[in-house]
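Chemist: turn this into a model:
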Amino acid sequence: QVQLVESGGGLVQVGASLRLSCAASGRTVSSSAIGWFRQGPGKEKELVAAVSWSGNSAYYGRSKEERFTISRDNAKNIVYLQMNNLKPEDTAVYFCAAGSSLDLDPRFYEYWGQGTQVTVSS
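Modeler: Residues are numbered from 1 along each chain as shown. Purely as a prediction, here's the structure:
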């Protein structure tokens, strides 16, 4: 089992930056791919970014790659999502999730955190 706790969300202005953290614990966390997903009001859950267990491979969702960066610190079991130049359309609940392999589809992630709210105000 893997337990995940997100933090770092909040209310920010357009153009601001935030760094989200996903603290992971559990027996298999070091071998799990970790993804950041988000779900806006009335929208489906979508991939923001995902990173392999080694940190050597990463996927990014459409149109987010240049503003968002995912990284992981396996010594601390934390995965970060650095978000720059935030826009109102980035407003959503952001979840981190753990799975056995790196994938774009949220259905392949077995463990999920409770989420952290990000609100971007214009």
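Chemist: from here on, contacts and neighbour counts on C-alpha atoms
Modeler: OK.
Chemist: nearest residue to the middle of this structure?
Modeler: In the chain, the C-alpha nearest the mean C-alpha coordinate belongs to W36, at 2.1 Å (C-alpha atoms, centre = their mean).
Chemist: how about it: what's its closest non-neighbour residue?
Modeler: Nearest residue to W36, sequence neighbours excluded (C-alpha to C-alpha, 6 or more residues apart in numbering): C96, at 4.5 Å.
Chemist: what backbone torsions are found at the one you found?
Modeler: Here the main-chain torsion angles of C96 (degrees, to the nearest 10) amount to phi -110, psi 150.
Chemist: so what pLDDT did it get?
Modeler: In this prediction, C96 carries a pLDDT score of 97.
Chemist: how about P41?
Modeler: Model confidence at P41, given as pLDDT, is 90.
Chemist: how would you label it: helix, strand or coil?
Modeler: The three-state label given to P41 by DSSP: H, G, I helix; E, B strand; the rest coil is coil.
Chemist: thought it was touching A92?
Modeler: Yes - if you go by C-alpha atoms under 8 Å, P41 and A92 touch, sitting 6.8 Å apart.
Chemist: who has more neighbours out of those two?
Modeler: A92 (21 against 9; other C-alpha atoms under 10 Å).
Chemist: just give me how far stretch 12-25 sits from the chain centre.
Modeler: Between the centre of stretch 12-25 and the centre of its host chain there is 9 Å, according to C-alpha atoms, centre = their mean, to the nearest Å.
Chemist: contact partners of that stretch?
Modeler: Counting contacts by C-alpha atoms under 8 Å, 6 or more residues apart in numbering, the residues outside stretch 12-25 that touch it are 2-9, 77-88, 96, 118-122.
Chemist: filter the residues you listed down to the buried ones.
Modeler: Among those, those scoring as buried are 2-7, 9, 78-81, 83-84, 86-87, 96, 118-121 (criterion: 16 or more other C-alpha atoms under 10 Å).
Chemist: mind checking which helix or strand of this structure has the lowest mean pLDDT?
Modeler: Lowest mean confidence among the helices and strands of the chain (mean pLDDT, DSSP states H and E): strand 58-60, at a mean of 90.
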